[in-house]
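Asker: Please find the sequence and the predicted model below.
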Amino acid sequence: MRDLNYALKQLCDRNRDGSNSTQRDRQRVLDRIGKLFCAVGTRAEGAARRRAKF
C-alpha cells in the first residue's frame, strides 16, 4: 500500500465521524485521491501536509 493511501486510511480510522456509509464513502474518496496523486507523479510527504490551512 502506498504511504499516502495508508496515511489517509489511518486518518479515517482515527476520525470516525458520521454513519458507517459516510465513513466508507469518505475512505473510498480519499483512496481514489491518493491513487490519483500517485498516478500524476506527485510525491506526497504525508496526509497531514495535504490538509487545508484555515
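Answerer: Yep, it's here. These numbers were taken from a predicted model, which means no experiment stands behind them.

Asker: Nearest spatial neighbour of the residue nearest the centre of the chain, chain-adjacent residues omitted?
Answerer: For the chain, residue 8 is the residue whose C-alpha lies nearest the centre (CA atoms, centre = their mean; 3.0 Å). Leaving aside its sequence neighbours, residue 8 sits nearest to residue 30 (CB to CB, 6 or more residues apart in numbering; 4.2 Å). Quick note: C-beta positions are derived from backbone N, CA and C, even for glycine.

Asker: Now do the helix or strand harbouring that neighbour: distance to the chain's middle.
Answerer: In the assignment (DSSP states H and E), residue 30 maps to helix 20-40. Distance, stretch centre to chain centre, for helix 20-40: 6 Å (CA atoms, centre = their mean, to the nearest Å).

Asker: list the helices and strands it packs on?
Answerer: helix 3-14 (3 or more CB pairs under 8 Å, 6 or more residues apart in numbering; DSSP states H and E).

Asker: Can you give me the buried ones in the lowest-mean-pLDDT helix or strand in the chain?
Answerer: Lowest by mean pLDDT, DSSP states H and E among the helices and strands of the chain is helix 3-14, with a mean of 90. Residues of helix 3-14 classed as buried by neighbour count (16 or more other CB atoms under 10 Å): 4, 5, 7, 8, 9, 11, 12.

Asker: from these, which is closest to residue 18?
Answerer: Checking the buried residues of helix 3-14 against residue 18 with CB to CB, the nearest one is residue 12 at 10.4 Å.
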